[in-house]
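Student: Can you look at this prediction? I've put the sequence above it.
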There are 2 protein chains.
Amino acid sequence: MAPAHTEIHRTVRDRLDQNDQRYTTGRRAVVDALAGTEGPITLPELIDVAPTLAQSSAYRNLAVLEEVGVVRRLVHGADHARYELAEDLTEHHHHLICESCGVVRDVTLTPQLERRLDDAFEALSTAEGFAATHHTIDLYGRCADCRS
Amino acid sequence: MAPAHTEIHRTVRDRLDQNDQRYTTGRRAVVDALAGTEGPITLPELIDVAPTLAQSSAYRNLAVLEEVGVVRRLVHGADHARYELAEDLTEHHHHLICESCGVVRDVTLTPQLERRLDDAFEALSTAEGFAATHHTIDLYGRCADCRS
DNA sequence: TTGCTTGCAAATGATTTGCACTGCT
DNA sequence: AGCAGTGCAAATCATTTGCAAGCAA
């Protein structure tokens, strides 16, 4: 289950404190916006939801929040990058990406399949001398809206 | 097994023909460059390998080749996008991405695991009304070179 | 020839940054 | 008070595009 908003804010504050960063109104607005949507959103979408934020401040706050590990920045083909809360604050998930409208939707796999993937990834990493920190799985296609 | 260069060129020419596009010297140079590297490369890397190409022509040729389905464009966090031959011309694979130096390396999973993933993806797509065309799996971390 | 392709230089657009000001602490 | 955060406008930089000239069918 995803943590409630209050718990998210507590975690974010802790993470910022640990990195000598303040939890300002603007940063709180960013976190609220990200916590309030179904999937990762673009910067214009973020500003639609939190119009008090100047564009440059939104970018700067996202960078700080990414730095301390509570926000993740995603890039797919589209014009704008997308941002979401890090998995510590939500839960491990993957993405369905519509190549027509660019929308991104969260999905999850079964724990068994995730476990099998983790095993495979660990074997791969060992074989390659690679130290993996995380993985992403993206499914590209056309969403229900764009098909109708 | 990945097709030999001559076979790759034949396929590319066919694909271009079908789309009323020419297989010019510049396009051939792009395909040769992509076929000659271990993993996906950035535009500056492409131009290092094929210095006869002007930057704008490289971009334009990559766009045409992507259009007809023989090149795939990848975007990860880094500054430049990366390009690789489409899987019709190589084989289905995934990526190990070094967050330190940006290098991307190709890897494959076992056929059994891929099959299980395909099943899971199909179930997901059906449930969401999504029409999936392909998927990507990326493993992020530090490569052997950056660890040493 | 006829039009697609190319190279150059200029334009675009997402993201970043300089700077002066505001607001925490 | 003192410094981090903010907004605005200007700067960056990958990528795209306009245009004149070259090349393939």
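Tutor: Right, received. Where do you want to start?
Student: The nearest residue to A:R22 once chain neighbours are set aside: how many residues sit nearby?
Tutor: Closest residue in space to A:R22, ignoring its immediate chain neighbours: A:L16 at 6.7 Å, by C-beta to C-beta, 6 or more residues apart in numbering or on different chains. (Glycine included, C-beta is placed from N, CA and C.) A:L16 is flanked by 19 other residues according to other C-beta atoms under 10 Å in any protein chain shown.
Student: mind checking how far A:L16 is from A:V30?
Tutor: Using C-beta to C-beta, to the nearest Å, one gets 12 Å for the distance from A:L16 to A:V30.
Student: picking that back up, isn't the residue nearest to A:R22 up against A:Y23?
Tutor: Yes: under the criterion of C-beta atoms under 8 Å, A:L16 makes contact with A:Y23 at 5.1 Å.
Student: For A:V107, give me phi and psi.
Tutor: Main-chain torsions, A:V107, degrees, to the nearest 10: phi -140, psi 160.
Student: beta partners for it?
Tutor: A:H94 (DSSP bridges).
Student: so what's it scoring on pLDDT?
Tutor: pLDDT, the model's per-residue confidence, is 96 for A:V107.
Student: what's the following helix or strand after the longest helix belonging to chain A?
Tutor: Longest helix of chain A, by residue count under DSSP state H: helix A:111-128. Where DSSP states H and E defines the elements, the next helix or strand beyond helix A:111-128 is strand A:131-142.
Student: What residues of that following strand count as buried?
Tutor: Neighbour-count burial for strand A:131-142 flags A:131-132, A:135-142 (criterion: 16 or more other C-beta atoms under 10 Å in any protein chain shown).
Student: helices or strands up against that strand?
Tutor: Packing contacts for strand A:131-142, counted by 3 or more C-beta pairs under 8 Å, 6 or more residues apart in numbering or on different chains; DSSP states H and E, involve strand A:94-98, helix A:111-128, helix B:111-128, strand B:131-142.
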